[in-house]
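**Student:** give the three-dimensional model of this entry:
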Amino acid sequence: MSDITRASGPGRAAGPGDNGVPVLLLQGWLGSGPGHWQRHWLRLRPHWQLVDFGSWEHPEPQGWRLALATAIAACERPPLLIAHSLGCLAAAGLLAGPGAPEVAAALLVAPPDPGRPDTPDALRPFHPVPRARLRVPGQLLLSSDDPYASEAYALELAAAWGLEPLRLGPLGHINAESGLGPWTQGLALAEALLERVTTAG
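**Tutor:** Reported below is the predicted structural model:
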């Protein structure tokens, strides 16, 4: 396990990422606002694509998994998934299920714990979270002071899913409120993973 200190739509084929690997960005509950690092990354990497889950205020697990499966099927080759928050649970629910689509790798950032007593009602349908191995290479990025999941919970998920856990230090929920801007550290990690799967392929 690594410790890292803080540094300053469905139906449409994803554009090719670096070396032809498509990159799909999965948003969390309520979507990613203009200050979110995912929006910054789209401006920096316009060939990457956001998955449109549709029901942002009242997410439904089966609907989100179907939207993701449709987006993956529209890719010309297995994509890299970069998910934040509830998007992580949608990805895990799809990849842990029967007949899971092939993806190149997954970078899952700050998965929430929908089983907590203080979980918003809209997120409770995502409980329980699957604990099956995802059978894809990847990493799970976690914060030591995430208000939506304990560090122990995130480490448990990483072990269950077979992903490498990366501790980022105190970054809150690793969202716009964390003040990360374009989050160059995270982008470097994403592109390093993309290079790894491209070389392996």
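
**Student:** where does the residue most central in space within the chain land in three-state SS?
**Tutor:** Taking C-alpha atoms, centre = their mean, the centroid of the chain lies closest to Ala83, which sits 1.4 Å from it. Of the three states, Ala83 takes strand according to DSSP: H, G, I helix; E, B strand; the rest coil.

**Student:** tell me how far the closest residue to it other than its chain neighbours lies from Gly169.
**Tutor:** Nearest residue to Ala83, sequence neighbours excluded (C-beta to C-beta, 6 or more residues apart in numbering): Leu26, at 3.7 Å. Placement of C-beta: from N, CA and C, glycine included. Distance, Leu26 to Gly169, using C-beta to C-beta, to the nearest Å: 23 Å.

**Student:** these two: who's more crowded?
**Tutor:** Leu26 (28 against 13; other C-beta atoms under 10 Å).

**Student:** and Leu163, how far from Pro114?
**Tutor:** 18 Å.

**Student:** list the contacts of the residue nearest to Ala83.
**Tutor:** For Leu26, the contacting residues are Val51, Phe53, Leu68, Leu81, Ile82, Ala83, His84, Gly87, Cys88, Ala90, Ala91, by C-beta atoms under 8 Å, 6 or more residues apart in numbering.

**Student:** now do the last one, the pLDDT please.
**Tutor:** We note a pLDDT of 98 for Ala91 in this prediction.

**Student:** with the fifth one instead?
**Tutor:** Model confidence at Ile82, expressed as pLDDT, equals 98.

**Student:** straight-line length of stretch 122-132, end to end?
**Tutor:** 24 Å (C-alpha to C-alpha, to the nearest Å).

**Student:** buried residues of that stretch, list them for me.
**Tutor:** Ala122, Leu123, Phe126, Val129, Pro130 (16 or more other C-beta atoms under 10 Å).

**Student:** phi, psi of the second one?
**Tutor:** Backbone torsions of Leu123, given as degrees, to the nearest 10, read phi -100, psi -10.

**Student:** quick check: the gap between it and Pro114.
**Tutor:** Counting by C-beta to C-beta, the gap from Leu123 to Pro114 is 5 Å.

**Student:** and what of the last one?
**Tutor:** As for Pro130, its distance to Pro114 is 12 Å (criterion: C-beta to C-beta).

**Student:** over to the fourth one?
**Tutor:** From Val129 across to Pro114, the span is 7 Å (C-beta to C-beta).

**Student:** anything in contact with each of those two?
**Tutor:** With C-beta under 8 Å, 6+ apart, Val129 and Pro114 have common neighbours Leu89.

**Student:** tell me where this structure has strands.
**Tutor:** Taking DSSP state E as the test, the strands found in the chain are 2-3, 23-26, 49-50, 80-84, 105-109, 138-142, 164-167.
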